[in-house]
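[1] Task: produce atomic coordinates for the following.
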Amino acid sequence: MSFNTKFKLSFMMFLEFFIWGGWFVTLGLFLEKNLSTTGAQSAAAFSTQSFGAIIAPFIIGLIADKYFNAERILGVLHLIGAVLMFQMYNAEDFTAFYPYVFAYMVAYMPTLALVNSVSFNQMSNPEKEFGVIRVWGTIGWIIAGLTISLVFAWDSSENAAAGMLRNTFLMTCIASLVLGIYSFMLPKTPPKIAKGEKKTITEILGLDAFALLKDKNYLIFFLASIMICIPLAFYYQNASLFLGEIEMTNLTGKMALGQVSEVLFMLLLPVFFGKFGIKKTLLVGMIAWVVRYALFAYGNVNELSFMLLIGIALHGICYDFFFVSGQIYTDSKAGEKFKSAAQGMITLATYGVGMLIGFWVAGVITDTYVTPDGAHDWQTIWLIPSGIAVLVALTFALAFKEKKPTPVAA
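    You can find the predicted model right below:
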């Protein structure tokens, strides 16, 4: 791959995740401080991510794979996203805000698969080349958080209360516009299905990958993936709100520690995976969720602030050791014919079904545990997903039977 192509793909990844990290991290804080939402309304806003993930295979499978170049669809979706993000910036209440965030997520979630498709199409050895490109997405997310916290301080208590967090949508609007235009300059990625080639709707949407669930171990992993997304949803939905309410300074910048650790543990994952196997790796990821939320429950911004920072930094283990390992495990279980479809299936299960359930549960819990003076009982709110993660980890540990390699006869 030429340097020019590497640069184009890296900048594409940078913008793709700068856009996501530029508004999604502080969404919970914005909704309560600026739109005075309830937990249920906040859950509805975050659930749009899940609806986008559920709808995405139809856009990719029925349109991108069959009719149009991936980079062109990527450009069109981000241009639409820029318009919708500007409307979110202008929304004055939740009733006006919700339709735009819903439409935006339906447009954005398919782009996660499209940037991968554009990248893989240029690679002769994705196993070695993709990581170098994808890491720029994590850097983009980190830069977005640092920009919000350290450059503009939109997430400070005073600025958030004054409505300055609204500017995150304007920043993202501009980035979406840039990526929308830039996408038409990316390497051409033609449809995967040639003209005249016949494929069933089941094949196009990748539904035939559900045959993997006939394997008992994979079924247990699949169900655990859905259930562990409930604790994950608590983090996405409540972390910025929680840290804002307890008045942590530069909270978005500090939350970027999670992405820094993600890069570190991504490098350690192959070593751990090779030495301890899939079951122990997945269990470490689940247990990290237990520890993270216990740290959130008992930490504070004073003498125990280190507990909050460790909880944030555990994101690398929480995400990489379960979700990235799960993608590797899924790839190993799927045959060549179902590799892409299997990845789509596990994404649908986690970001679609699992997160949808998780956001709803998080909304109910957040509304339920409120103190008489109107503040949130954060200790109880965080201990609940920690307990859920304990149950998921124990069930997985007992039910999942890792197969040892069959020894070769002498």
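
[2] Report the rounded mean pLDDT for the longest helix seen in the chain.
    Ranked by residue count under DSSP state H, the longest helix found in the chain is helix 257-298. Averaged across helix 257-298, the pLDDT comes to 90.

[3] Also stretch 47-64?
    77.

[4] Same check on stretch 93-112?
    Per-residue scores along stretch 93-112 average to 94.

[5] name the helices or strands packed onto the longest helix of the chain?
    helix 126-146, helix 216-245, helix 305-313, helix 315-319, helix 325-333, helix 378-399 (3 or more C-beta pairs under 8 Å, 6 or more residues apart in numbering; DSSP states H and E). Every C-beta, even on glycine, is put in place using the N, C-alpha and C of the backbone.

[6] closest one to residue 34 among those helices?
    helix 216-245 (11.4 Å; C-beta to C-beta).

[7] could I get the helix or strand just after the closest one in CSV with only the CA atoms?
    Using DSSP states H and E, the next helix or strand after helix 216-245 towards the C-terminus is helix 251-255. Output of helix 251-255 as CSV, limited to C-alpha atoms (Å, rounded to 0.1, in the frame of the first residue of the first chain):
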residue,chain,number,x,y,z
LEU,A,251,-14.1,15.2,32.5
THR,A,252,-14.2,14.6,28.7
GLY,A,253,-10.4,14.9,28.5
LYS,A,254,-10.0,12.4,31.4
MET,A,255,-12.6,10.1,29.9
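
[8] is it true that residue 122 lies in a helix?
    No. Per DSSP: H, G, I helix; E, B strand; the rest coil, residue 122 lies outside any helix segment and is coil.

[9] which residues touch it?
    1, 5, 9, 187 (C-beta atoms under 8 Å, 6 or more residues apart in numbering).

[10] show me what contacts residue 375?
    residue 245.

[11] Once you drop chain neighbours, what's closest to residue 123?
    Excluding its sequence neighbours, the residue lying closest to residue 123 (C-beta to C-beta, 6 or more residues apart in numbering) is residue 129, at 4.6 Å.

[12] gap between that neighbour and residue 98?
    According to C-beta to C-beta, to the nearest Å, residue 129 and residue 98 sit 40 Å apart.

[13] for the helices and strands packed on helix 257-298, which one sits closest to residue 43?
    Of all the helices and strands packed on helix 257-298, helix 216-245 comes closest under C-beta to C-beta, at 6.6 Å.

[14] okay, the angle between the closest one and helix 325-333?
    160 degrees (axes from the mean of the first three to the mean of the last three C-alpha atoms, to 10 degrees).

[15] chain center to helix 216-245, what's the gap?
    10 Å (C-alpha atoms, centre = their mean, to the nearest Å).

[16] do stretch 317-329 as well
    With C-alpha atoms, centre = their mean, you get 12 Å for stretch 317-329.

[17] CA atoms of that stretch as CSV?
    Coordinates of each C-alpha in stretch 317-329 appear next as CSV, following Å, rounded to 0.1, in the frame of the first residue of the first chain:
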residue,chain,number,x,y,z
ILE,A,317,-9.6,-4.2,29.2
CYS,A,318,-13.4,-4.0,29.3
TYR,A,319,-13.6,-3.4,25.6
ASP,A,320,-10.6,-5.1,24.1
PHE,A,321,-10.6,-8.3,26.2
PHE,A,322,-14.3,-9.0,25.6
PHE,A,323,-15.5,-7.3,22.4
VAL,A,324,-12.3,-7.4,20.3
SER,A,325,-11.6,-11.0,21.5
GLY,A,326,-15.2,-11.9,20.7
GLN,A,327,-14.6,-10.6,17.1
ILE,A,328,-11.5,-12.8,16.9
TYR,A,329,-13.4,-15.8,18.3
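
[18] Quick check: phi and psi on residue 215?
    In terms of degrees, to the nearest 10, the main-chain angles of residue 215 are phi -80, psi 120.

[19] Return the set of buried residues in the host helix or strand of residue 54.
    Following DSSP H and E, one finds residue 54 within helix 39-59. By 16 or more other C-beta atoms under 10 Å, the buried positions in helix 39-59 come out as 39, 41-57, 59.

[20] ok, now stretch 7-22?
    8-22.

[21] ok, now stretch 324-338?
    324-326, 329-330, 333-334, 338.

[22] for the residues you listed, which one is nearest residue 113?
    For the buried residues of stretch 324-338, the nearest to residue 113 is residue 330 (14.8 Å; C-beta to C-beta).

[23] Residue 347 is in contact with that closest one, correct?
    No. Using C-beta atoms under 8 Å, residue 330 is not in contact with residue 347; the gap is 9.6 Å.

[24] Tell me the one among the buried residues of stretch 324-338 nearest to residue 273.
    Nearest member of the buried residues of stretch 324-338 to residue 273, counting by C-beta to C-beta, is residue 325, at 6.4 Å.

[25] was I right about the closest one contacting residue 270?
    No. The criterion here is C-beta under 8 Å, and residue 325 misses it with residue 270 at 10.1 Å.

[26] So what touches stretch 11-20?
    So stretch 11-20 is contacted by 78, 81, 108, 111-112, 115, 118-119, 133-134, 136-141, 143-144, 172, 175-176, 178-179, 182-183, 186 (C-beta under 8 Å, 6+ apart).

[27] and with 7 Å instead?
    111, 115, 118, 133-134, 136-141, 143-144, 172, 175-176, 178-179, 186 (C-beta atoms under 7 Å, 6 or more residues apart in numbering).

[28] and what of stretch 210-224?
    Everything outside stretch 210-224 that qualifies as a contact, by C-beta under 7 Å, 6+ apart, is 326, 329, 333-334, 342, 345, 349, 392, 396, 399-401.

[29] TSV for the residues you listed, including distance to residue 284 and pLDDT?
    Listed next are those as TSV, based on distance: C-beta to C-beta, whole Å; pLDDT from 0 to 100:
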residue	distance to residue 284	pLDDT
326	13	84
329	14	83
333	20	82
334	23	74
342	23	75
345	24	80
349	21	86
392	13	96
396	12	96
399	17	95
400	14	94
401	18	88
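
[30] Adding distance to residue 89, write the residues you listed out as a markdown table.
    Rendered in a markdown table, the data for the contacts of stretch 210-224 read as follows (distance: C-beta to C-beta, whole Å):
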| residue | distance to residue 89 |
| --- | --- |
| 326 | 35 |
| 329 | 40 |
| 333 | 43 |
| 334 | 41 |
| 342 | 38 |
| 345 | 35 |
| 349 | 33 |
| 392 | 38 |
| 396 | 42 |
| 399 | 47 |
| 400 | 46 |
| 401 | 51 |
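
[31] Cool, thanks, signing off.
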